[in-house]
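In: all I have is the shape, not the residue letters:
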């Protein structure tokens with residue numbers, strides 16, 4: 001995060017909310033490997049009225065990914081990645097290219113940052129599959145810090161057990177996960193079944209810009 005004179009130079013960059021693995025330095029280093037991309041300024045923020053929840057789909061590497069969902073009364077701690085135009089184009093390729101996420105702008109929000117400007121709008125990627133359903137409610141990620149949660153959070157293993165129990169309860173969990181990785185058609189079919197009871201992101205101030 002380039003600092004100069006106690007201030008952060010974010011000129012020409014787009015603020016993109018990181019809801020799941022894009023908060024991880026390792027994930028960003030993997031996506032922007034090499035030196036030609038330059039630094040990605042990343043700032044911790046608190047977002048009110050939303051939470052990081054599990055998406056209603058199975059990724060190509062077998063995990064249950066994250067997405068944002070409206071959660072009145074909750075304040076979640078996330079990160080904002082400030083991307084330049086080349087970095088944003090590349091991020092689109094990794095997020096939108098497989099059809100799992102849409103990119104857009106969320107307005108009318110309250111985002112308090114540790115450094116840099118306070119934001120009332122932010123860009124982000126949201127799942128095209130909706131939020132994972134458990135007993136009629138979305139499922140927050142236990143690994144993501146939040147206050148005021150009214151829904152039961154799960155770690156990744158618990159979310160995997162929930163999905164397995166819903167789709168193929170007799171299958172050992174490791175076998176269930178490995179099948180989704182080894183056979184993309186099985187993973188897609190399972191995602192289609194999960195979507196039948198998913199929670200769509202329908203916030204009134206959400207506008208899709210690319211999908």
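Out: In hand now; what should we look at? Please read all numbers here as calculations on a predicted model, not as lab measurements.

In: low-confidence ranges, the chain, go.
Out: Where the chain drops to pLDDT under 70, the residues are 1-7, 35.

In: after the strand ranked longest in it, next one along is what?
Out: Longest strand in the chain by number of residues, with DSSP state E as the criterion: strand 66-83. Next helix or strand after strand 66-83 toward the C-terminus (DSSP states H and E): helix 85-95.

In: what angle do the helix or strand that comes right after that following helix and strand 66-83 make?
Out: Heading C-terminal from helix 85-95, the first helix or strand you meet, by DSSP H and E, is strand 101-113. Counting by axes from the mean of the first three to the mean of the last three CA atoms, to 10 degrees, strand 101-113 lies at 70 degrees to strand 66-83.

In: residue contacts, the residue nearest to residue 137 when sequence neighbours are not counted?
Out: Spatial nearest neighbour of residue 137, chain neighbours left out: residue 151 (4.9 Å); criterion: CB to CB, 6 or more residues apart in numbering. All C-beta spots, glycine's among them, are computed from the backbone N, C-alpha and C. Taking CB atoms under 8 Å, 6 or more residues apart in numbering, we find residue 151 in contact with 51, 53, 71, 137-140.

In: quick one: which of those is the most crowded by neighbours?
Out: Comparing those on neighbour count, residue 53 comes out first with 32 neighbours (neighbours: other CB atoms under 10 Å).

In: show me what the host helix or strand of it packs onto, helices and strands only.
Out: In the assignment (DSSP H and E), residue 53 maps to strand 42-54. With contacts defined as 3 or more CB pairs under 8 Å, 6 or more residues apart in numbering; DSSP states H and E, the packing partners of strand 42-54 are strand 14-18, strand 66-83, strand 101-113.

In: quick one: residue 203 is in a strand?
Out: No: secondary structure of residue 203 (DSSP: H, G, I helix; E, B strand; the rest coil): coil, not part of a strand.

In: gap between the nearest residue to it once chain neighbours are set aside and residue 56?
Out: The shortest distance from residue 203 to any non-neighbouring residue, by CB to CB, 6+ apart, is to residue 70 (5.3 Å). According to CB to CB, to the nearest Å, residue 70 and residue 56 sit 15 Å apart.

In: more neighbours: the two, which one.
Out: When residue 70 and residue 56 are compared for neighbours, residue 56 comes out ahead with 28 against 18, by other CB under 10 Å.

In: so who does that one touch?
Out: 127, 129-133, 191, 194-195, 197-199.

In: may I see the PyMOL selection of the buried members of those?
Out: Restricted to buried positions by 16 or more other CB atoms under 10 Å, the PyMOL selection for the contacts of residue 56 reads:
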select buried, resi 127+129+130+131+132+133+191+194+195+198+199
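
In: dump the contacts of residue 56 to JSON lines, plus secondary structure.
Out: Below are these laid out as JSON lines (three-state DSSP):
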{"residue": "127", "secondary structure": "strand"}
{"residue": "129", "secondary structure": "coil"}
{"residue": "130", "secondary structure": "coil"}
{"residue": "131", "secondary structure": "strand"}
{"residue": "132", "secondary structure": "coil"}
{"residue": "133", "secondary structure": "coil"}
{"residue": "191", "secondary structure": "helix"}
{"residue": "194", "secondary structure": "helix"}
{"residue": "195", "secondary structure": "helix"}
{"residue": "197", "secondary structure": "coil"}
{"residue": "198", "secondary structure": "coil"}
{"residue": "199", "secondary structure": "strand"}
